[in-house]
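# could you look at this predicted model? Sequence included:
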Amino acid sequence: MNIDYLINITVPMLEGAQMTVLLFFIAIIASLPLGFVLTLMANSKSKPLAWFAHTYIYVVRGTPLLLQLLFICFGLPIIPVIGDYLVMDRFVAACLGFILNYAAYFAEIFRGGLLAIDKGQYEAAQVLGLNRWQTTTKIIVPQMVRVALPAIANESITLVKDTALLYAVAVPELLYFAQTAVNRDFTIAPFFIAGIIYLLMAFVLTLFFKSLERRFKFE
C-alpha cells in the first residue's frame, strides 16, 4: 500500500464528505428552529397544540432514525392514492427525515433549558414592563441557549455521525465511497481514512461550540 493508493481512495471519500457536510448544515439549520417551535407548542396553553407536540416528540424519539428514513424514502411513495405525489429525490427525502428527527431531540433539549430558568425571571420581566415577546427574546432565550448549548453541541456531533445512514438509502456519501473501496480492494484502509475524516469534522464542531460556550459564559 503506497501513498498514491491512499490519495486515490481519499479523493472520492472527500467528495462524499461534501454530501455529509451539506446534509449536516441543512439538518441543523432547519431542525433547531423547528425544535424550538415544538418546545413552544408543547408548553402552549392550547391542549391540541401541546398534545400534538408531545405526541410527535414521543413517536420520533421512540423510533429509529433509520426506520424513519426508510419510511420517507420507500414507504411514502407506496401509500394508496397519494403515494405518487410523495415521491422525492433520495437526498431531499433524507434531509426531511433528519430535520424531522432532530427537531424532536432539540425540542427536548430546549425544554430542559427552559425548565432550568427560574420563574423569578418571568416575574422580573413583568416588573420591568416587558411584554411577552421582549421577555422571550431578551431574557428567556439567551439563558435557555446558555444552558442548552452543551447538549446541542453533543447532539450536533451525533448528527455528523448519523449522516452515515445516507448509505442505507443509496445516497453516495463518505461511508458509501469507503465501503466501495473496501469491497473493491479487499483492504480496511478506507475505513480508517473515513474514521479520520469523521473525527476531523467532530473536532471542528467541538472547537466551534467551545467558542460559543465561552462567549455565552462571559456575556
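That came in fine, so what should we check first?
# contacts and neighbour counts: CA atoms only from here.
OK.
# show me where this protein dips below the pLDDT cut-off.
Flagging of the chain using pLDDT under 70 yields the residue ranges 1, 217-219.
# what about the residue located most distally from the centre of the chain, distance to residue 139?
Relative to the C-alpha centroid of the chain, counting by C-alpha atoms, centre = their mean, residue 127 is the outermost residue, at 37.7 Å. The gap separating residue 127 from residue 139 is 13 Å, by C-alpha to C-alpha, to the nearest Å.
# same check, this time on residue 113
For residue 113, the distance to residue 139 - C-alpha to C-alpha - is 13 Å.
# same thing with residue 31?
Counting by C-alpha to C-alpha, the gap from residue 31 to residue 139 is 22 Å.
# ditto for residue 110
Going from residue 110 to residue 139 by C-alpha to C-alpha gives 15 Å.
# of those two, who's got more company?
Between residue 110 and residue 139, counted using other C-alpha atoms under 10 Å, residue 110 has the larger neighbour count: 27 against 17.
# correct me if wrong: that one contacts residue 41.
No. Counting by C-alpha atoms under 8 Å, residue 41 is not a contact partner of residue 110; they are 11.9 Å apart.
# overlap of the contact sets of residue 127 and residue 139?
Residues within reach of residue 127 and of residue 139 at once, by C-alpha atoms under 8 Å, 6 or more residues apart in numbering: there are none.
# list the contacts for residue 113?
143-145, 147-148.
# neighbour-wise, give me the winner out of those.
residue 147 (22 neighbours).
# relative to residue 88, how far out is it?
Separation of residue 147 from residue 88 (C-alpha to C-alpha) stands at 37 Å.
# now do the helices in the chain.
Using DSSP state H, the helices found in the chain span residues 3-42, 47-62, 65-70, 90-115, 119-127, 132-134, 141-162, 174-185, 189-218.
# in the first one, what's buried?
Just to be clear, that refers to helix 3-42. 9-10, 12-14, 16-17, 19-21, 23-24, 27-28, 30-32, 34-42 (16 or more other C-alpha atoms under 10 Å).
# how many neighbours does residue 153 have?
20.
# wait, it touches residue 207, no?
No. Between residue 153 and residue 207 there is no contact under C-alpha under 8 Å: 10.0 Å.
# give me the number of residues near residue 133?
Residue 133 has 10 nearby residues by other C-alpha under 10 Å.
# that one and residue 140, how far apart?
Residue 133 sits 10 Å away from residue 140, going by C-alpha to C-alpha.
# can you mark which positions in stretch 50-67 are buried?
For stretch 50-67, by 16+ other C-alpha under 10 Å, it's 50, 53-54, 56-57, 60-61, 65-66.
# whoops, I mixed them up, stretch 176-187
176-179, 181-182.
# ok, of those residues, which one's closest to residue 192?
Nearest to residue 192 out of those is residue 178 (C-alpha to C-alpha; 9.0 Å).
# count the residues that sit near the residue nearest to that closest one when sequence neighbours are not counted.
Among residues not flanking residue 178 along the chain, residue 190 sits closest, at 5.0 Å (C-alpha to C-alpha, 6 or more residues apart in numbering). As a burial measure, residue 190 scores 23 neighbours (other C-alpha under 10 Å).
# do the one 4 residues further on as well
For residue 194, the neighbour count with other C-alpha under 10 Å is 21.
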